[in-house]
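Chemist: got a predicted model here, sequence first, then my questions.
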Amino acid sequence: MRYELTEKKQGKYQYTIGPYAKPVLEIESEDTVVIETQDAFGGKLVDENTKPSEVLDKDFANPSNGPIFIKDAKRGDALKIKIESIVPRGKQPRGTTCLRSNFGGLTGTEQSPTLNEPLPEIVKKVFITVGGIKWNEHITLPYSPFIGTIGTSPLIDSINTLTPGKHGGNMDLPDVCPGNTLYLPVQVEGALLYVGDCHAIQGDGELCGVAIEHPTYTTITVEVVKGWRLEWPRLESDNFIMSIGSARPMDDAARIAYADLIKWMVSDFGFNKWDAYLILTQVGRIRVGNMVDPNYTVGAFIEKKYLDI
């Protein structure tokens, strides 16, 4: 079946990922959902004269659709989420990026305070089509969309939509993009899936803390994988497999990701643990999702040509 989760059907968008919100949609395994996502600011940065500090509340970031209840999903299962497509929606200029006073990778923040003056508040609006992102008269960036925030409910906790973790969440990982498949752990009945914060493009690290944020029609197909207990999110493309870790400091996120990738290589691809450790040292790669959020996200991956499949 194919469903639509429109803004009207969603009603109140969610700012935490947890087991306490009432599901807005119920689907079955292998169903497809077209989701009308908002941008990370809920559309409040309407023009370049708007100051983020005057309209945004840091506790209400990344409005997310959901939760979506998936029938037959039980604790100890996994969700297989195929990202089918991400298309920009809304009036132009659809895209927004900005600097915020105490947020980003090269400024003092609440978690890492300094005595430097806060950054200036700057908002940049850009035109977005599937053909490209018009940065200025001379530069057009490719439209390379992905889902910034996607997660399943933890067992007890409700985690804000700015924080990534074992449940997924605000990983800001550009590989969560059309054509790829994300795997998330199921901790509660129905999984309770949340989706939002789609980006039109983003460099590694999401350096200033804000990518090109935009509202979208995001289409996913969701399947329940019975009895596959995951500790951390995983991702697969045509060319590689990736494990995803989120933590502070960043080296812990990388350790989590590489350790889980070794477990995956052993359980599914027949590697000896120490051989997997050795080969990842030679050909393993990492991708930094973000270096700005309450936790940092790192994806560790290996190309499938080395897996002998």
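Modeler: Sure thing, it's come through.

Chemist: just the CA trace of the worst-scoring helix or strand of the chain on mean pLDDT, in CSV.
Modeler: Least confident helix or strand of the chain, by mean pLDDT, DSSP states H and E, is helix 52-55 with a mean of 94. Backbone C-alpha positions of helix 52-55 (Å, rounded to 0.1, in the frame of the first residue of the first chain) are rendered in CSV as follows:
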residue,chain,number,x,y,z
PRO,A,52,17.1,33.4,14.2
SER,A,53,17.3,34.5,17.9
GLU,A,54,14.0,36.4,17.5
VAL,A,55,11.9,33.5,16.0
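
Chemist: give the buried residues for that helix.
Modeler: Neighbour counts using 16 or more other C-beta atoms under 10 Å place residue 52 of helix 52-55 among the buried residues. C-beta here means a position set from N, CA and C on the backbone, and glycine is covered the same way.

Chemist: got it, and stretch 25-44?
Modeler: 25, 27, 29, 31, 33-42, 44.

Chemist: biggest separation within these, which pair?
Modeler: Using C-beta to C-beta, the two most remote members of those are 29 and 44, lying 36.3 Å apart.

Chemist: where exactly do the strands run in the stretch 101-250 of the chain?
Modeler: With strands called from DSSP state E, counting those that start in this stretch, the stretch 101-250 of the chain shows them at 122-129, 132-134, 140-141, 146-152, 159-160, 168-169, 181-185, 193-199, 216-225, 234-236, 240-247.

Chemist: mind listing what's buried along the first one?
Modeler: It stands for strand 122-129. 123, 124, 125, 126, 128.

Chemist: which strands or helices does it pack on?
Modeler: In this structure, strand 122-129 makes packing contacts with strand 95-99, strand 132-134, judged by 3 or more C-beta pairs under 8 Å, 6 or more residues apart in numbering; DSSP states H and E.

Chemist: one more time with 10 Å
Modeler: Counting contacts by 3 or more C-beta pairs under 10 Å, 6 or more residues apart in numbering; DSSP states H and E, strand 122-129 packs against strand 78-88, strand 95-99, strand 132-134, strand 140-141.

Chemist: highest mean neighbour count out of these?
Modeler: When the helices and strands packed on strand 122-129 are scored by mean count of other C-beta atoms under 10 Å, the highest mean neighbour count falls to strand 95-99 (a mean of 24).
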